[in-house]
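Colleague: no sequence on hand, only this structure:
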């Protein structure tokens, strides 16, 4: 499964209902992917604190990254 930017930002900010968070956790553990654009958008999100940026980097490290430009 490919997970998008908004889902990860909501996840990081604990804004997901518990049932949705549990589902995202399952997808993370099963080896979901993100696009390079998602990585850029999550890291560039304007709402980051120093701590949330550290958490975002840790979360992003759990995903395989797909460079869509190379897979056309």
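Modeller: Arrived safely. Keep in mind it's a predicted model, so treat the numbers as computed, not measured. Residues are numbered from 1 along each chain as shown.

Colleague: how many residues are close by residue 20?
Modeller: 13 (other CB atoms under 10 Å). Every residue, glycine included, has its C-beta placed from N, CA and C.

Colleague: I misspoke; the intended subject was residue 61.
Modeller: With neighbours defined by other CB under 10 Å, the count for residue 61 comes to 8.

Colleague: which secondary structure elements does the helix-or-strand element of the chain with minimal mean pLDDT sit against?
Modeller: Within the chain, no helix or strand scores below strand 64-66, which has a mean of 90 by mean pLDDT, DSSP states H and E. Under the contact definition 3 or more CB pairs under 8 Å, 6 or more residues apart in numbering; DSSP states H and E, strand 64-66 sits against strand 33-35, helix 36-44.

Colleague: swap in 7 Å and give it another go.
Modeller: Judged by 3 or more CB pairs under 7 Å, 6 or more residues apart in numbering; DSSP states H and E, strand 64-66 is in contact with strand 33-35.

Colleague: that older thread, give the pairing partners of the least confident helix or strand of the chain; include direction for each.
Modeller: If you go by DSSP bridges, strand 64-66 pairs up with strand 33-35 (parallel).

Colleague: quick one: buried residues of the partner strand?
Modeller: For strand 33-35, the neighbour count (16 or more other CB atoms under 10 Å) marks 34, 35 as buried.

Colleague: from the chain's centroid, how far away is it?
Modeller: Centre-to-centre, strand 33-35 and its host chain are 8 Å apart (CA atoms, centre = their mean, to the nearest Å).

Colleague: run through who's touching it.
Modeller: Here strand 33-35 makes contact (CB atoms under 7 Å, 6 or more residues apart in numbering) with 2, 3, 60, 63, 64, 65, 66, 68.
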